[in-house]
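Asks: pasting the sequence and the predicted model now:
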Amino acid sequence: MPLPGDLAELAERVSNWGRWGDDDELGCGNLLDSGSALRGQDSITSGQRVSLALDLRADGVQVGQPARRFNPILTHTSINDRDPFAPGIWEGSDDLVTMSTCAATHLDALSHISYDGSLYNGFPADSISALAGATRLGAEKLPAIATRGVLLDVPRSKSVTGLDEIDQGYAITADDLDAAAELAKVTIEPGDFVLVRTGEMRHYLADEREPFVPIQDTPRWRYAVGTGEAKLPGLSVLSIDWMARNQVAGAVTDNYAYEVFPPSMPDWSDCLAVHMIQVRDMGLIQGQNWNLEELSKACEERDSGAFMLVAVPEPLKGAASTPVAPVAIL
């Protein structure tokens, strides 16, 4: 089905289909050129490194909503074992991990979202199968990221710790992003990666529950599902034109859903509209569950929101999303 209401016109206006050729599978990743990498390098002043990744753990961000998403399950396949075919006194240990590819800090491949039968650049939605995965636009097509990152600290621009202090379902607009960019003392340029802080990560990091406490009573549940009214702050459709106008290569957030919940239409027909238009129509690289708390403090101390961002997505062939361990170099 097509997008409802005025969203179809918005999607057509910001579409990048055909911009880089009919066979393009990089989308806005094409904007990650040598100039953006050098601009990122020029942002380094101290060499301080800040990890933006969450630990991969069994009690991670996934809480069973939506269904069939699993936190990492670590299995020890060998513990201080010897291989009879490799003599010597050594002993080695090995592990096996089973997890959903979006079970922690991750990037979404351009195969992640479709509507009306199509993926980005017109590739058919049925090019994804249970046997082969995404035969077009899989995670292996995501580029290695070395560019200028810009922290858009929306709560700090409003003098609050998290947007839920204003409204648990706060909808981030273009004006909010402009105000955060002004606070960061940065003019956004093509190929930049914007990291949008909502403050939601505070809830996940605060989860120090005792054993046997029901997960619904934990900050981890609050982080993933929101309040009883399913309210979560995030990017709104009023931020989409901003991303297109500024030609950013990617946008990531420190929350679970990326976009605001609940959606604006009473029947939820615009549910995940930001995902649909940014990924399917724009080809924007998108990610969630990035830990921006330490970075927020570091950027405030140095009075600048610009830094070098290095992030290499795991090239899982055919995957719709993939884990990443990003680093900000200040």
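Replies: Sure, I can see it. Owing to the predicted nature of the structure, the values given are computational and were not obtained by experimental measurement.
Asks: tell me where the stretch 51-200 of the chain has helices.
Replies: Along the stretch 51-200 of the chain, the stretches classed as helices by DSSP state H, counting those that start in this stretch are 154-157, 174-184.
Asks: to Trp221, which of those helices lies closest?
Replies: Nearest to Trp221, of all the helices of the stretch 51-200 of the chain, is helix 154-157, at 21.3 Å by Cβ to Cβ. For the C-beta atoms, the positions are set from N, CA and C on the backbone; glycine is no exception.
Asks: chain center to stretch 103-118, what's the gap?
Replies: In terms of Cα atoms, centre = their mean, to the nearest Å, the centre of stretch 103-118 is found 10 Å from the chain centre.
Asks: any chance of the helices of the stretch 51-200 of the chain in JSON lines, plus mean pLDDT?
Replies: Formatted as JSON lines, these follow (pLDDT from 0 to 100):
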{"stretch": "helix 154-157", "mean pLDDT": "98"}
{"stretch": "helix 174-184", "mean pLDDT": "98"}
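Asks: any idea which of those is most buried?
Replies: Among the helices of the stretch 51-200 of the chain, ranked by average contacts under mean count of other Cβ atoms under 10 Å, first place goes to helix 154-157 (a mean of 22).
Asks: just checking, what packs against it?
Replies: helix 174-184, strand 193-197 (3 or more Cβ pairs under 8 Å, 6 or more residues apart in numbering; DSSP states H and E).
Asks: tell me which of the ones you listed lies nearest to Val237.
Replies: helix 174-184 (10.2 Å).
Asks: okay, the closest one in PDB with CA atoms only?
Replies: The C-alpha coordinates for helix 174-184 follow below in PDB (Å, rounded to 0.1, in the frame of the first residue of the first chain):
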ATOM      1  CA  ALA A 174      13.700  20.300  12.000                       C
ATOM      2  CA  ASP A 175      13.700  23.300  14.300                       C
ATOM      3  CA  ASP A 176      14.900  21.100  17.100                       C
ATOM      4  CA  LEU A 177      17.800  19.800  14.900                       C
ATOM      5  CA  ASP A 178      18.700  23.300  13.900                       C
ATOM      6  CA  ALA A 179      18.800  24.400  17.500                       C
ATOM      7  CA  ALA A 180      21.000  21.400  18.400                       C
ATOM      8  CA  ALA A 181      23.300  22.100  15.500                       C
ATOM      9  CA  GLU A 182      23.700  25.700  16.700                       C
ATOM     10  CA  LEU A 183      24.600  24.500  20.100                       C
ATOM     11  CA  ALA A 184      27.100  22.100  18.600                       C
END
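Asks: and that helix, what does it pack against?
Replies: Using 3+ Cβ pairs under 8 Å, 6+ apart: helix 174-184 touches strand 145-153, helix 154-157, strand 193-197, helix 240-246.
Asks: show me what the helix or strand that the last one is followed by packs onto, helices and strands only.
Replies: In other words, helix 240-246. Using DSSP states H and E, the next helix or strand after helix 240-246 towards the C-terminus is strand 250-253. Counting contacts by 3+ Cβ pairs under 8 Å, 6+ apart, strand 250-253 packs against strand 193-197, strand 234-235, strand 285-288.
Asks: let me have the ones you listed in JSON lines, extended by distance to Ala181 and mean neighbour count.
Replies: Shown next, in JSON lines, are the helices and strands packed on strand 250-253 (distance: least, Cβ to Cβ, whole Å; neighbours: other Cβ atoms under 10 Å):
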{"stretch": "strand 193-197", "distance to Ala181": "8", "mean neighbour count": "26"}
{"stretch": "strand 234-235", "distance to Ala181": "14", "mean neighbour count": "26"}
{"stretch": "strand 285-288", "distance to Ala181": "19", "mean neighbour count": "25"}
